[in-house]
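S.K.: quick one, fold the following:
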Amino acid sequence: MDSLATADVCDSNAASVVNGDLRVLHSIFQAYGQKGSFSGPIVTLKVFEDNVLVRALLETKGDGRVLVVDGGGSRRCALLGGNLVQLALSNGWAGVVVNGCIRDVDEINGCAIGVRALGSNPLKSNKKGVGERNCPIYIAGHWIRDGEWLYADNDGIIVSKSELSL
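M.R.: Residues are numbered from 1 along each chain as shown. I've put the predicted structure just below:
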């Protein structure tokens, strides 16, 4: 599914954009990693300046899913770094979207995975293990729910209630 262009999907599904079944996230994310486009079913996670649950999820089999992390938009520390991206890659995650920061940018940019984040920060996060898995999250102007589908490319990120085709 990596070949679906978000612009083409939006053009072909205008009615779904109008009725909210297909949502275009606000353009707030920077692209990292070698995969410019990625897609898959969404796994949601809500944390704040704590990446213990991020690691816990990325240690599981990804099976082509996309982890979407609502980090509350914090830019005070990183929720994802090179080690976790390597873990995601080896466990079969299609990509990671972080409403927060990452670190180890050069290492991440060398990995064959797609990552989107607000920016970078060299400071590591707290390690308390506080957060919620598989819950509705609100980022970039839209609600995102576990099990929906995410499509990302260099034009942007779209979220659909179900898997799409052209």
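S.K.: can we go C-alpha only for contacts and neighbour counts from here?
M.R.: Fine.
S.K.: neighbours around Lys127, how many?
M.R.: Lys127 is flanked by 11 other residues according to other C-alpha atoms under 10 Å.
S.K.: actually, Leu87.
M.R.: 17.
S.K.: just the helices in the chain please.
M.R.: 6-12, 14-19, 52-58, 82-90, 105-109 (DSSP state H).
S.K.: contacting residues around Asn121?
M.R.: Neighbouring residues of Asn121 by C-alpha atoms under 8 Å, 6 or more residues apart in numbering: 75-78, 101-103.
S.K.: mind running it again at 6 Å?
M.R.: 77-78, 103 (C-alpha atoms under 6 Å, 6 or more residues apart in numbering).
S.K.: just the pLDDT for the spatially most central residue of the chain.
M.R.: Against the mean C-alpha coordinate of the chain, by C-alpha atoms, centre = their mean, the closest residue is Val97 at 1.8 Å. Val97 carries a pLDDT score of 98 in this model.
S.K.: that one pairs with what?
M.R.: On the basis of DSSP bridges, Val97 is bridged to Val68, Arg116.
S.K.: show me what contacts it?
M.R.: By C-alpha under 6 Å, 6+ apart, the contact list for Val97 reads 68, 115-117.
S.K.: also Val54?
M.R.: Counted by C-alpha under 6 Å, 6+ apart, Val54 has zero contacts.
S.K.: beta partners for Trp149?
M.R.: Beta-bridge partners, per DSSP bridges, of Trp149: Pro41, Ser160.
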